[in-house]
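J.: Need coordinates for the following:
(one chain, ligands or ions: 1)
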Amino acid sequence: MGSASDAPTMRKTCELLDELDISYEVKICSAHRTPQRAHDFATTAQQRGLKVIIAAAGMSAHLAGVMAALTPLPVLGVPMEGKLAGGLDALLSTVNMPRGVPVGTMSMGGHGASNAALFAAAILALSDQALANRLADYRCRQTEAVPEKIPEE
Ligand code: RP5
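T.: Numbering: from 1, shown residues only. All right, here's what the predicted structure looks like:
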């Protein structure tokens, strides 16, 4: 994530990765404030055994694009909500990548943070049947938790 201020939102990603028993590392590295750290993280990611990168950033959100430029691993971008049009700046910065350097962009804020974990899980589950089963169980529990009727007043 680009800043410690993104952490309250991105905790949702960590909680879901924990629930699905997926190991991960968390790092603050900004495309703008700590470009060398971001570069080092992305260029060593594959050799360190990472499979998917989830990059969260707000405002002029270049982190996911920078990650995608520097690693062949799939990169999922999570635009942070913000003061300018609710975070539209971050959404557009993350989603509108030029041809050749794709970023899989999630929805904004907490929904995107959760979906990034689920999307990463789906990618990893392609080569991990036990994880595929855990993900299927999660989806079943989610379905069962949706009531058919609105609760009585
Ligand atoms: C981005 O700038 C971060 O991802 C964060 O969402 C935003 C604001 O950062 P802070 O000023 O709160 O550290 O790089």
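
J.: Quick check: end-to-end length of stretch 144-153?
T.: 22 Å (CA to CA, to the nearest Å).

J.: mind listing what's buried in it?
T.: Residues of stretch 144-153 include none that count as buried (16 or more other CB atoms under 10 Å). C-beta: built from backbone N, CA, C; applies to glycine.

J.: Stretch 37-44 too?
T.: Across stretch 37-44, burial judged by 16+ other CB under 10 Å covers 38, 39, 41, 42.

J.: What's the local residue count around residue 91?
T.: Number of residues near residue 91 (other CB atoms under 10 Å) recorded here: 25.

J.: hmm, back to that, narrow the buried residues of stretch 37-44 to those in helices?
T.: Counted as lying in helices by DSSP state H, out of the buried residues of stretch 37-44, are 38, 39, 41, 42.

J.: thinking residue 51 is in contact with residue 122, fair?
T.: No. Applying CB atoms under 8 Å, one finds residue 51 not in contact with residue 122, separated by 11.9 Å.

J.: shared neighbours of these two, anything?
T.: Common contacts of residue 51 and residue 122, defined by CB atoms under 8 Å, 6 or more residues apart in numbering, are absent altogether.
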